[in-house]
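Q: Fold the following for me, if possible:
(2 chains)
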Protein chains: 2
Amino acid sequence: MLKRLGKQTIVLENAPRILSWAGVAGKKEGEGPLKNELDFISEDSYFGEQTWEKAESHMLQRCFSIACDRAGLSPSSLDFILAGDLLNQCVSSSFAMKDSNAPYLGLYGACSTMAESLSLAAMLIDGGYAGTACAITGSHFCSAERQYRFPLEYGGQRPPTAQWTVTGAGAVILGKSGGSLRITQLTAGKIVDAGIDDANSMGSAMAPAAYDTLRAHFDDAGRGPADYDAIFTGDLGALGHDILEDLFRGDGIELGPRYMDCGVLIYDADKQDVNAGGSGCGCCAAVLASHILPAMERGLWKRVLFSATGALLSATSAQQGSSIPGICHALVIERED
Amino acid sequence: MLKRLGKQTIVLENAPRILSWAGVAGKKEGEGPLKNELDFISEDSYFGEQTWEKAESHMLQRCFSIACDRAGLSPSSLDFILAGDLLNQCVSSSFAMKDSNAPYLGLYGACSTMAESLSLAAMLIDGGYAGTACAITGSHFCSAERQYRFPLEYGGQRPPTAQWTVTGAGAVILGKSGGSLRITQLTAGKIVDAGIDDANSMGSAMAPAAYDTLRAHFDDAGRGPADYDAIFTGDLGALGHDILEDLFRGDGIELGPRYMDCGVLIYDADKQDVNAGGSGCGCCAAVLASHILPAMERGLWKRVLFSATGALLSATSAQQGSSIPGICHALVIERED
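A: Predicted coordinates for the structure are as follows:
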C-alpha cells in the first residue's frame, strides 16, 4: 500500500518529530519583527569572513551548530544532512557542511528548499532510513544581489514589485521521537510555469505554484483552510500574497487572516525599505525556525500548513528570455497535546 | 528498527525495480565506445535549439521521454521526478521537466547526481512513498565550458589532468515491481575535502570521496570488491581511477579489473582527444543507462556496485581560492535470476 493521498500528498504514519531548530540572520533582519526571536544576529554582513559567499557559508555553519547543540547531537551523529541554497552550485551549503562528517544530500529547490529538505528528511525518518536528519538552508542579500542582479556598488533602482533577499538561515533537526511537534503530511509540488518573465516580480511568478500545491493538498487531504490554525507561504511577498488570495477566491475560498507569508512577516514594511517584502531560501527558513515553530510549541497554533515556493530561474535563463517556472512544496506540522 | 547497516548504508528490503532507462549523448560521445549502445546521438551540439543551455535541457527532455515510453508510463503518472545538473540554479533540469506535470524534487550533487537521485528515488519507492519515480541528470560540454572555464571561442589549452565534460544524459525509472534489475543497498556519502584546489584536476579532488564511500560501503555491508562482478565510479577519469586503486592498495585491497570508471569507458583515449577522460553529470548517467544496465540485463554481471562522485566547487569558490570538496554516493544493483 502506498502511503499517499491523491496524486501528490504523502501521509507520514510515524509522524517524525522536530527535535530542535535554529534561526540566524543579518543586521537588517535583526532590526525587524523577529529581532527578539532570532537565535543569532550578525551586525557584520561578512560574518567575520572575507567574502559574502564565505559569509553565507559561515552563517549556515553557525545555524547548524546551534540546532545540533539544542538537540544534543554531534554533527557526525546525524544520519543525513539535506541542504541547498541559491549560490551557483550551492557552494554555501557544501562548504558549510564539509566538515560535518555526516552523509550529505545536496538539494536545489531555489526558495522552496526549506520545505523540500524537510519533506525528504521527514520521509527518510518515517521510512526508517534515518534516525535523525537535519534540513537546512539560507541566503545572503549581498551574494544574491551580485550573482543575480548587479554589484551592490552599482546602486541599482528596484521596482515596487521587487523583493529583498533575506540574509538569514534556518535549520531543523528531525528524529523518530522526542519533542511535541511532528510532521504528519506533506504535498510535493509540480513545476508550474505561468509565463511570467520579469525577474523583478518573483511573487507573481511563484504564486501560481503555491496555488497549485495548496489546492492539491486540500483536494488530496480532503481539507480546507479552516482545518489549519495558520497557513504560511515562504516568500511570495505582499504582491504574491494577494495574488494567491485572489486565485483561491476564484474557487470561492477565502484564505482569511490565518494565511500569512514569511516574506511579509520578516520585515516591517512601514519602516524598512524592502519594496514587496523578503525573499530567498533564508526567508521562510529563518521565520520557521525563529517564529513559527516556537509559537507552535508555546501553544499559539496546533496545526500549521507550511509551504515554500521557489523560482526556478538563473541569470542566464533570464538573459535568454526564458520564463520563470515556479515550484512549491508544503508540509503539515502539528503539536501533540 | 532502522533499515541501516553501519553508519552510512541503507538496506532496501523491498528492492525497488528498474523499470526502464535511456541514454542520450552528443556527437563526440556517439563516436566513442558507446556508439552502438546509446538510444539517441545528436549530430548537432545545439540539439536544434538556439543556445547550449537550451540544448542541454532539450537533451534531458529527449532522454526522459524515451525512458517514460519504454516503461509505458506517461510523465504525469510518475509519483516523483528527481533531477539535477551542473548549470547555475540547475536550470537545464527544471526547464526540461517543467511540463511533466509530476511532483519534482531538484537536487544538486554535481557529478554525483545520478547516484544521489537514484538513491533517493529508491528509498521513496522502498518506503511506499512512491509507486514510480524517475532519476535523471545530464551535462553538456559547451554550456559547462563557458560557465566553469572559458568561452569555447577562446580555445584555451588544457593540462593532461583535465577532463572533458560529457554531452550526455541518462534517465532511470524505478518502480515497485517489474523488470529483472533491482536496487538492494545504497551508501550515502559524506563530503570529503582533501585540500585539492586545482580545478583542472577533478579526478584527484574526487578520488578521496570515492574511497571514503566505497570503504564505508565495504565496512558497513561486510563485503569486499570480490563480492561484486563489477564496480564503477562515475567520472574520476584515468588519473582518479589510478588514485582510487592506490588508496585501496594502502588497505591491502586490490580492486582489480572488475573496477572501471565511466569517464574512462565513455571515450576512446587513443583516438579521442579528451586528456584524462570524461566528466560531468551526464558521464556516468549515460554509461549507466546505455552500457551498464543493458549488460546486466543481458547477463554479463549479476551484482554491480555503481558509484558517482561530485566535485562541490563553483567558478566563484575556485576564484576565491577555496579547495574542492568531493562527495560520492553508491548503490548496489542486482539482477534477479
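Q: so what are the domain limits for chain A?
A: Domain assignment of chain A by automatic domain parsing yields the ranges A:17-175, A:181-335.
Q: Serialize those to TSV and add fields for distance to B:Leu293.
A: C-beta here means a position set from N, CA and C on the backbone, and glycine is covered the same way. Below are the domains of chain A laid out as TSV (distance: least, Cβ to Cβ, whole Å):
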stretch	distance to B:Leu293
domain A:17-175	23
domain A:181-335	26
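Q: and A:Tyr104, that's in a helix?
A: No - read with DSSP: H, G, I helix; E, B strand; the rest coil, A:Tyr104 is strand and lies in no helix.
Q: So which residues on the stretch 101-250 of chain A come close to chain B?
A: Taking Cβ under 8 Å from any Cβ of the partner chain, the part of the stretch 101-250 of chain A that reaches chain B is made up of A:101-110, A:116, A:119-120, A:123-124, A:126-131, A:147, A:188-191, A:193.
Q: Among these, which are located in helices?
A: Applying DSSP state H to those, the entries found in helices are A:Glu116, A:Ser119, A:Leu120, A:Met123, A:Leu124, A:Asp126, A:Gln147.
Q: The fourth one contacts B:Tyr129, correct?
A: Yes - between A:Met123 and B:Tyr129 there is a contact at 5.2 Å, judged by Cβ atoms under 8 Å.
Q: joint contacts of those two?
A: Shared contacts of A:Met123 and B:Tyr129 (Cβ atoms under 8 Å, 6 or more residues apart in numbering or on different chains): A:Ile10.
Q: quick revisit: which one (most neighbours) among the ones in helices among the residues of the stretch 101-250 of chain A next to chain B?
A: Neighbour tally across those (other Cβ atoms under 10 Å in any protein chain shown): the maximum, 31 neighbours, falls on A:Glu116.
Q: quick revisit: from the ones in helices among the residues of the stretch 101-250 of chain A next to chain B, pick the one nearest A:Ile231.
A: A:Ser119 (16.6 Å; Cβ to Cβ).
Q: Please name the nearest non-neighbouring residue to the closest one.
A: A:Leu186 (4.6 Å; Cβ to Cβ, 6 or more residues apart in numbering or on different chains).
Q: Now for the residue of the stretch 151-300 of chain A found nearest chain B: which residues touch it?
A: Nearest residue of the stretch 151-300 of chain A to chain B (Cβ to the nearest Cβ) works out as A:Ala188 at 3.8 Å. For A:Ala188, the contact set (Cβ under 8 Å, 6+ apart) comprises A:Gln8, A:Ile10, A:Ser119, A:His329, B:Phe80, B:Pro103, B:Tyr104, B:Leu105.
Q: How many residues are close by the first one?
A: Residues near A:Gln8, counting by other Cβ under 10 Å, number 23.
Q: Touching, it and A:Ala221? I think so.
A: No - counting by Cβ under 8 Å, A:Gln8 sits too far from A:Ala221 to count as a contact (10.1 Å).
Q: for the stretch 151-300 of chain A, what spans make up the helices?
A: Ranges of helices in the stretch 151-300 of chain A, per DSSP state H, counting those that start in this stretch, are A:202-221, A:237-249, A:262-265, A:281-287, A:293-298.
Q: Grab the CA positions of the fourth one and hand them over as PDB.
A: Taking Å, rounded to 0.1, in the frame of the first residue of the first chain, the C-alpha atoms of helix A:281-287 are listed here in PDB:
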ATOM      1  CA  CYS A 281      15.900  30.500   0.800                       C
ATOM      2  CA  GLY A 282      16.700  32.000   4.200                       C
ATOM      3  CA  CYS A 283      13.400  33.900   4.400                       C
ATOM      4  CA  CYS A 284      11.000  31.200   5.400                       C
ATOM      5  CA  ALA A 285      13.800  29.100   6.900                       C
ATOM      6  CA  ALA A 286      14.500  31.800   9.500                       C
ATOM      7  CA  VAL A 287      10.800  32.600  10.000                       C
END
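Q: about what we covered before: could you point out the bridge partners of the residue nearest to A:Ser119 in the sheet?
A: Taking DSSP bridges, one obtains A:Ile10, A:Leu331 as the residues bridged to A:Leu186.
Q: Could you count how many residues lie near it?
A: A:Leu186: 27 neighbours (other Cβ under 10 Å).
Q: per-residue pLDDT, it?
A: For A:Leu186, the model assigns a pLDDT of 98.
Q: Please point out which parts of stretch A:265-272 sit buried.
A: Neighbour counts over stretch A:265-272 (16 or more other Cβ atoms under 10 Å in any protein chain shown) mark A:Leu265, A:Ile266, A:Tyr267, A:Gln272 as buried.
Q: Closest approach to chain B from the stretch 101-250 of chain A, which residue is it?
A: Per Cβ to the nearest Cβ, A:Gly127 is where the stretch 101-250 of chain A lies closest to chain B, at 3.1 Å.
Q: ok, now which ones touch that residue?
A: B:Lys3, B:Met123, B:Asp126, B:Gly127, B:Gly128, B:Tyr129.
Q: Now do the fourth one, the pLDDT please.
A: In this case it means B:Gly127. For B:Gly127, pLDDT reads 98.
Q: okay, which residue of chain A is out on the far edge from center?
A: Ranking residues of chain A by C-alpha distance from their mean position (Cα atoms, centre = their mean) puts A:Met1 at the top, at 30.6 Å.
Q: Tell me which residues touch that residue, please.
A: By Cβ under 8 Å, 6+ apart, the contact set of A:Met1 is B:Gly128.
Q: That one and A:Phe218: what is the separation?
A: 23 Å (Cβ to Cβ, to the nearest Å).
Q: likewise A:Asn200?
A: From A:Asn200 over to A:Phe218 the distance is 31 Å, taken as Cβ to Cβ.
Q: which stretches of the stretch 1-150 of chain A form strands?
A: A:4-5, A:9-11, A:17-26, A:40-42, A:80-85, A:104-106, A:132-139 (DSSP state E, counting those that start in this stretch).
Q: Just list what the shortest one packs against, helices and strands only.
A: For strand A:4-5, the contact count by 3 or more Cβ pairs under 8 Å, 6 or more residues apart in numbering or on different chains; DSSP states H and E identifies strand A:9-11 as packing neighbours.
Q: Rounded mean pLDDT for the strand it packs on, please.
A: Averaging pLDDT along strand A:9-11 yields 98.
Q: ok, residues contacting it?
A: A:3-5, A:119, A:123, A:184-188, A:216-217, A:220-221, B:129.
Q: so which of those comes closest to A:Leu305?
A: A:His217 (7.0 Å).
Q: Model confidence at the spatially closest residue to A:Gly203 that is not a sequence neighbour, what's the number?
A: Take A:Gly203 and drop its neighbours on the chain: the residue closest to it by Cβ to Cβ, 6+ apart is A:Gly240, 2.6 Å away. The model reports A:Gly240 with a pLDDT of 97.
Q: hang on, the earlier thing: arrange the buried residues of stretch A:265-272 in a markdown table, one row each, with distance to B:Leu313 as further columns.
A: Output for these, formatted as a markdown table (distance: Cβ to Cβ, whole Å):
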| residue | distance to B:Leu313 |
| --- | --- |
| A:Leu265 | 35 |
| A:Ile266 | 31 |
| A:Tyr267 | 33 |
| A:Gln272 | 35 |
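Q: Could you work out the most separated pair of those residues?
A: The largest separation in those, counting by Cβ to Cβ, is between A:Leu265 and A:Gln272 at 12.1 Å.
Q: so where's the stretch 101-250 of chain A shaky on pLDDT?
A: Along the stretch 101-250 of chain A, no part satisfies pLDDT under 70.
Q: helix/strand/coil for A:Phe306?
A: From three-state DSSP, the assignment for A:Phe306 is strand.
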